[in-house]
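Trainee: Prediction below, plus the sequence it came from.
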Amino acid sequence: MPNRYDNFMGELYLAYDDKGVVFSTNTVLYGSEIQYADVIWIGIYGDNKEICNVKLGMTSKEIKSVLGEPSYQNNPYENEAMELYDGEWTIEYEANR
């Protein structure tokens with residue numbers, strides 16, 4: 001079970017504080033029962049954290065050298081409707097299923 005979970009921006013986040021990772025999912029929450037579903041995005045926090053060989057503080061160029069070309073690259077205008085990313089550039093990778 002996660003240390004914390006709650007609805008955020010229409011999704012359910014699951015936070016694991018001991019690992020410094022947050023998963024945002026399209027999970028359904030029924031009372032205190034979590035029915036797990038697809039992970040939408042993964043966030044990491046804390047010092048010296050990394051996921052898939054990508055570390056906090058890396059530039060987008062460095063990330064692309066590790067993961068390759070992203071599935072999507074969005075500019076601040078494209079992200080203005082997104083509460084979390086408003087005014088920011090983002091790159092997104094789709095995982096193979």
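Mentor: Arrived safely.

Trainee: residues contacting the nearest residue in space to F8 that is not next to it in sequence?
Mentor: Nearest non-adjacent residue to F8, counting by CB to CB, 6 or more residues apart in numbering: S24, 6.9 Å away. Quick note: C-beta positions are derived from backbone N, CA and C, even for glycine. By CB atoms under 8 Å, 6 or more residues apart in numbering, the contact list for S24 reads F8, M9, E11, L12, Y13, L14, V39, I40, W41, I42, G43.

Trainee: residues near the first one, how many?
Mentor: Looking back up the chat, that one is F8. 12 (other CB atoms under 10 Å).

Trainee: how near is it to K61?
Mentor: For F8, the distance to K61 (CB to CB, to the nearest Å) stands at 29 Å.

Trainee: On the pLDDT front, check the residue sitting furthest away from the middle of the chain for me.
Mentor: The C-alpha centroid of the chain is most remote from G31, which lies 24.0 Å away (CA atoms, centre = their mean). Looking at G31, its pLDDT stands at 71.

Trainee: what's the burial count for S71?
Mentor: 10.

Trainee: my read: it touches T90, true?
Mentor: No: shown here, S71 and T90 do not form a contact pair, counting by CB atoms under 8 Å, at 11.2 Å.

Trainee: mind giving me the domain ranges of the chain?
Mentor: 1-48, 52-97 (automatic domain parsing).

Trainee: of all the ones you listed, which gets the most neighbours per residue?
Mentor: Among those, domain 1-48 has the highest mean neighbour count (mean count of other CB atoms under 10 Å), at a mean of 13.

Trainee: who touches the helix or strand harbouring I40?
Mentor: For I40, the host element (DSSP states H and E) is strand 39-44. For strand 39-44, the surrounding residues in contact (CB under 8 Å, 6+ apart) are E11, G20, V21, V22, F23, S24, T25, N26, E50, I51, L56.

Trainee: Done for today, thanks.
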